[in-house]
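S.K.: Sharing a model prediction with you, sequence too.
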Amino acid sequence: MAKPIMVQGTMSNVGKSLIAAGLCRIFKQDGYRVAPFKSQNMALNSYITKENLEMGRAQVVQAKACGIEPMVCMNPILLKPTTDMGSQVIVNGEVMGNMRAMDYFKKKRDYIPMIKNAYEKLASQYDIVVIEGAGSPAEINLKADDIVNMGMAEIADAPVLLVGDIDKGGVFAQLIGTVMLLEKHEQERIKGLIINKFRGDKRILDPGLAMITEKCGKEILGVVPYMDVDIEEEDSLAESLEQKAVRGCIDVAVIRLPKISNFTDFQALGAETDVSVRYVERTSELQHPDLICIPGTKNTISDLKWFRASGLEAAVKRLAGEGTPVIGICGGYQILGTQIVDACGMEGGGQIQGMGLLPIVTHYELEKMRKQNAGVVTQLSGIFQNLSGKTVSGYELHMGKSWLDLGQFQDSESGETGEVQSPASSLLQLSDGLDGCCKGNVFGTYLHGLFDEEDFRNALIQILCSRKGIAREVLNGFSMETYQEEQFNKLADTLRRNLDMDAVYRIMGL
């Protein structure tokens, strides 16, 4: 059986996922077979495995750091918030339905045998399993039925590293207070403390570090600096969503919908040196970007209503009318259409007019579409002509189906209908049929991850540069896969310099 090590945090967003990913890469570099695990994840960013099962992206990233294929047993429970009071519950990659928070808390101990099976499957195949916790282990109102922090540590009999975030302030209270609120047997599981996101001269911290050890009897294993690494982030607390400045010659504005999901679609664009990806919540922030993207969302209809009420819909339509390219992905693709029909009550029922920028109609269905897919861009004309024939790959993850309405086109503001002036064309020829729609300077697709493909991404950026009269030199083969590998190695190097890895190995019994 594998040797476990668990990374817990004093609160959400202290950097547990990043520290866990870095440990995964270090163990891989040191010759171990290593896998990640998180019993329960809560996030709107998810991924579809080769088996067409859904899991949280944090463990997908960590699996990449391990150099292995993501498997749903790495994240057996995924909660995707649908409202402030409830979530869609996904177990072993399959949707179990929507549950109110209280109903899920009453039921979650029933999942312990399944969690044990998932963990033991990994532990029987690998040398090391890096387990990630969630939130804080000291949430005293949740401890009785815990399955993700100390409860999971007991299942795996795992030693725990506790991470605190000094960037937010109060790290001494975070660490000491968390340890003090735990039961004695839980305190004994904590074998070391990590201070994360430090900026400045570490010597200033030394008196405080000694006091932490004195107060709670736990060794400080390292002070990790604020890391300049571009590792995919998972949830709505991601720092990339706060990016507002334009730092490249190509300005990409992504609409930050309230239930934005799978915003990792834009990481590859943002990694290009001449492209800035920024997230927009207000009309004053939109300005005049070179490309507008409407991302995926867990709640398309409610986010469309917000989009409309905020004034951003009208602003985007105006810019689209002036020729600004607009791309919608998944829920964003549905929003670009003429109408969304919710006959099955997924979002309360009824129907709503879309933006009317693409002649498509979407009908919700109870069954979620989950699959990996690949193909090529069909023969397009106009602004996106140079995308024709480019290869694409990724995954689909959506409720509902959309189809072209080539006969009539309904304006979402006036309600008037008329013949489509220029016929829309399907955007992608995928392995199982056509997907998406392109009309003029607007296109939409259900395929997540299409920007990761180098040829497609370069062709799109070249189109945007040409529109601005910018000469873009041929790139030296920027590969997203190579870029990610460089970032994982950079992360591992930083942790090696700032963590006592000898102590970590001793803690694990290696």
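M.R.: Looks like it arrived, so ask away.

S.K.: Assumed Gln379 was part of a strand.
M.R.: No - going by DSSP: H, G, I helix; E, B strand; the rest coil, the assignment for Gln379 is coil, not a strand.

S.K.: tell me, how many neighbours does the spatially closest residue to it that is not a sequence neighbour end up with?
M.R.: Nearest non-adjacent residue to Gln379, counting by Cβ to Cβ, 6 or more residues apart in numbering: Ser388, 4.9 Å away. Backbone N, C-alpha and C define where each C-beta goes, glycine included. Ser388 is flanked by 13 other residues according to other Cβ atoms under 10 Å.

S.K.: Show me which residues of whichever strand or helix holds Ile352 are buried.
M.R.: Using DSSP states H and E, the element containing Ile352 is strand 350-353. Neighbour-count burial for strand 350-353, counted by 16 or more other Cβ atoms under 10 Å, picks out Ile352, Gln353.

S.K.: what about it, average pLDDT?
M.R.: Regarding strand 350-353, the rounded mean pLDDT is 93.

S.K.: Just give me how far it sits from the chain centre.
M.R.: Relative to the centre of its chain, strand 350-353 is centred 28 Å away, using Cα atoms, centre = their mean, to the nearest Å.

S.K.: That strand: partners in the sheet, and parallel or antiparallel?
M.R.: Sheet pairing of strand 350-353 (DSSP bridges) gives strand 339-342 (antiparallel).

S.K.: The closest residue to Lys390 other than its chain neighbours: neighbouring residues, count only.
M.R.: Nearest non-adjacent residue to Lys390, counting by Cβ to Cβ, 6+ apart: Phe456, 4.3 Å away. Close neighbours of Phe456, defined as other Cβ under 10 Å, add up to 20.

S.K.: Spell out which helix or strand contains Phe456, please.
M.R.: Short version, using DSSP H and E: Phe456 is in helix 454-468.

S.K.: After that helix, which helix or strand is next? Please name it.
M.R.: Downstream of helix 454-468, the next assigned helix or strand under DSSP H and E is helix 480-498.

S.K.: What residues of the next helix or strand after that next one count as buried?
M.R.: Using DSSP H and E, the helix or strand that follows helix 480-498 towards the C-terminus is helix 501-508. The neighbour-count check on helix 501-508 (16+ other Cβ under 10 Å) flags Met501, Val504, Tyr505, Ile507, Met508 as buried.

S.K.: which among the residues you listed gets closest to Tyr111?
M.R.: Closest approach between the buried residues of helix 501-508 and Tyr111, by Cβ to Cβ: Met508, at 26.5 Å.

S.K.: Who are the contact partners of that closest one?
M.R.: Lys3, Pro4, Ile5, Ile128, Pro159 (Cβ atoms under 8 Å, 6 or more residues apart in numbering).

S.K.: try 10 Å this time
M.R.: By Cβ atoms under 10 Å, 6 or more residues apart in numbering, Met508 lies in contact with Ala2, Lys3, Pro4, Ile5, Phe27, Ile128, Ala158, Pro159, Lys191.

S.K.: what do you get for Pro36?
M.R.: Contacts here follow Cβ under 10 Å, 6+ apart; on that basis Pro36 touches 7, 17, 20-21, 23-24, 58-66, 68, 70-71, 74-75, 122, 126, 128-132.

S.K.: Recalculate using a threshold of 6 Å.
M.R.: Pro36 makes contacts with Cys24, Gln59, Gln62, Ala63, Met74, Val130, as judged by Cβ atoms under 6 Å, 6 or more residues apart in numbering.

S.K.: got it, and Lys490?
M.R.: Here Lys490 is in contact with Val229 (Cβ under 6 Å, 6+ apart).

S.K.: Renumber starting at 526 from here on
M.R.: Sure, I'll start counting at 526 from here, so that last one is Lys1015.

S.K.: quick one: it and Ala590, what's the gap?
M.R.: Distance of Lys1015 to Ala590, given as Cβ to Cβ, to the nearest Å: 12 Å.

S.K.: And Ala560, by the same measure?
M.R.: The separation that Ala560 has from Ala590, given Cβ to Cβ, amounts to 10 Å.

S.K.: Can you give me the distance of Val866 to Gly725?
M.R.: Going from Val866 to Gly725 by Cβ to Cβ gives 56 Å.

S.K.: ok so, going back, take the contacts of Pro561 and write them to JSON lines, including pLDDT.
M.R.: Converted to JSON lines, the contacts of Pro561 look like this (pLDDT from 0 to 100):
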{"residue": "Cys549", "pLDDT": "98"}
{"residue": "Gln584", "pLDDT": "96"}
{"residue": "Gln587", "pLDDT": "97"}
{"residue": "Ala588", "pLDDT": "98"}
{"residue": "Met599", "pLDDT": "98"}
{"residue": "Val655", "pLDDT": "98"}
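
S.K.: And for the residue nearest to Ile680 when sequence neighbours are not counted, the neighbour number?
M.R.: Excluding the flanking residues, the one nearest Ile680 by Cβ to Cβ, 6+ apart is Lys641, at 5.7 Å. Neighbourhood size, Lys641 [other Cβ under 10 Å]: 16.

S.K.: Just the pLDDT for Glu781.
M.R.: Actually, residue 781 is Arg rather than Glu. Looking at Arg781, its pLDDT reads 95.
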